[in-house]
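Participant: Structure, please.
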Amino acid sequence: MNSILSEQATPEVRTLAERVFHQLQDAIVRGELPPGSKITEPGLSRAYGISRGPLREAMRRLEAHRLIERVPHVGARVVKLSVKELLELFDLREALESMAARLAAEHMSAVEIAGLREVLAVHEQQSDLKRGEAYYQHEGDLDFHYLIVQGSQNRMLMTLLCDDLYYLVRLYRTQFGASGARPQRAFVEHHRIVDAIEAGDAELAELLMRRHVSASRANVVNRYAAILDPQAPTPVD
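Facilitator: Numbers count the residues shown, from 1 in each chain. Model (predicted):
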């Protein structure tokens with residue numbers, strides 16, 4: 001991930017800002033700081049016991065990663081996408097991640113594919129997945145989607161999906177994408193995608209990833225819409 005910390009900041013400020021950024025982004029992704037919730041520098045400064053300087057740097061980075069937004073006359077708040085914006089985000093994911101899977105089938109080495117298998121083996125042991133409650137993936141090298149984009153060896157795809165949009169995508173994948181029967185289904189779909197990549201079948205890898213993201217899109221949008229409108233019928237997984 002590219003850092004946007006000020007070049008003028010001291011090493012101590014950069015270290016504190018990095019730590020606070022990761023704490024805050026994890027709290028946002030997990031829903032501890034819900035979408036739309038207002039956040040203030042004094043409140044965060046008290047909560048994390050740090051001065052305003054490092055906090056401002058961390059908040060600038062959160063804003064650059066689209067996790068917080070500045071609203072005139074309101075201040076900073078955790079980003080809250082409309083259903084239309086969420087659909088646009090998943091449309092983009094479907095197009096770009098399916099392309100990444102195609103390229104991964106053409107470029108990933110046997111060692112990299114073995115790494116994908118190892119990550120799925122780690123996921124399989126997660127208690128949340130075993131209980132069918134969720135399918136949480138830690139960021140970076142423990143994130144299945146992140147590794148496939150890296151395996152595409154396409155720098156522009158990596159910039160878009162592993163930097164610009166990464167945390168925003170993780171927010172909605174984590175909070176709204178995995179419950180009911182969906183976690184186990186998503187896990188099986190991941191294995192099938194790896195099988196296609198390992199076979200070097202670029203067309204199949206692309207198709208399977210497109211279907212996988214499309215299914216996730218429908219699940220996330222249904223659950224997000226239900227939160228916005230609690231009277232709406234609950235979808236069946």
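
Participant: Phi, psi for the most centrally placed residue in the chain please.
Facilitator: The chain has Arg170 as the residue nearest its centroid, 1.6 Å off, counting by Cα atoms, centre = their mean. When read as degrees, to the nearest 10, the backbone of Arg170 gives phi -60, psi -40.

Participant: One more: Lys38?
Facilitator: Per degrees, to the nearest 10, the backbone of Lys38 is at phi -80, psi 140.

Participant: Okay, and the nearest residue in space to it that is not next to it in sequence sits in which element?
Facilitator: Ranked by Cβ to Cβ, 6 or more residues apart in numbering and with sequence neighbours excluded, the top spatial neighbour of Lys38 is Arg77, at 4.8 Å. For glycine as for every other residue, the C-beta is placed from the backbone atoms N, C-alpha and C. Using DSSP states H and E, Arg77 sits within strand 75-78.

Participant: what mean pLDDT does that strand have?
Facilitator: Regarding strand 75-78, the rounded mean pLDDT is 90.

Participant: Name the next helix or strand downstream of the helix-or-strand element of the chain with minimal mean pLDDT, please.
Facilitator: Across the helices and strands of the chain, mean confidence by mean pLDDT, DSSP states H and E is lowest for helix 127-130: a mean of 57. Using DSSP H and E, the helix or strand that follows helix 127-130 in sequence is helix 144-151.

Participant: This structure: helices as residue ranges?
Facilitator: Shown for the chain, the helices assigned by DSSP state H span residues 11-30, 41-48, 52-64, 83-107, 110-124, 127-130, 144-151, 155-159, 166-176, 182-198, 202-228.

Participant: Same list (these) but as CSV, adding distance to His73.
Facilitator: CSV is the format used below for those (distance: least, Cβ to Cβ, whole Å):
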stretch, distance to His73
helix 11-30, 22
helix 41-48, 17
helix 52-64, 17
helix 83-107, 21
helix 110-124, 44
helix 127-130, 40
helix 144-151, 37
helix 155-159, 34
helix 166-176, 24
helix 182-198, 39
helix 202-228, 23
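
Participant: Quickly, which of those helices bottoms out on average pLDDT?
Facilitator: With a mean of 57, helix 127-130 has the lowest mean pLDDT of these.

Participant: any idea how far the residue nearest to Phe90 when sequence neighbours are not counted is from His190?
Facilitator: Nearest residue to Phe90 in three dimensions, chain neighbours excluded: Arg217, at 3.7 Å (Cβ to Cβ, 6+ apart). The gap separating Arg217 from His190 is 16 Å, by Cβ to Cβ, to the nearest Å.

Participant: Which segments of the chain make up each domain?
Facilitator: 16-78, 83-228 (the TED database).

Participant: what about Leu86, neighbour count?
Facilitator: 18 (other Cβ atoms under 10 Å).

Participant: Tell me, how many residues neighbour the residue nearest to Lys38?
Facilitator: Other residues close to Arg77 by other Cβ under 10 Å number 18.

Participant: Any idea what it is bridged to?
Facilitator: Residues in a beta bridge with Arg77, per DSSP bridges, are Lys38, Glu69.

Participant: That one: what's it in contact with?
Facilitator: 36-39, 68-69, 71 (Cβ atoms under 8 Å, 6 or more residues apart in numbering).

Participant: now that we have these, which one has the most neighbours?
Facilitator: Busiest of those [other Cβ under 10 Å] is Ile68, holding 24 neighbours.

Participant: quick one: that residue and Ala76 touch, right?
Facilitator: Yes. If you go by Cβ atoms under 8 Å, Ile68 and Ala76 touch, sitting 5.2 Å apart.

Participant: between the two, what contacts are shared?
Facilitator: 39, 59.

Participant: Contact partners for the spatially closest residue to Ser45 that is not a sequence neighbour?
Facilitator: Leaving aside its sequence neighbours, Ser45 sits nearest to Leu55 (Cβ to Cβ, 6+ apart; 5.6 Å). Contacts for Leu55 (Cβ under 8 Å, 6+ apart) come out as 17, 20, 41, 44-45, 48.
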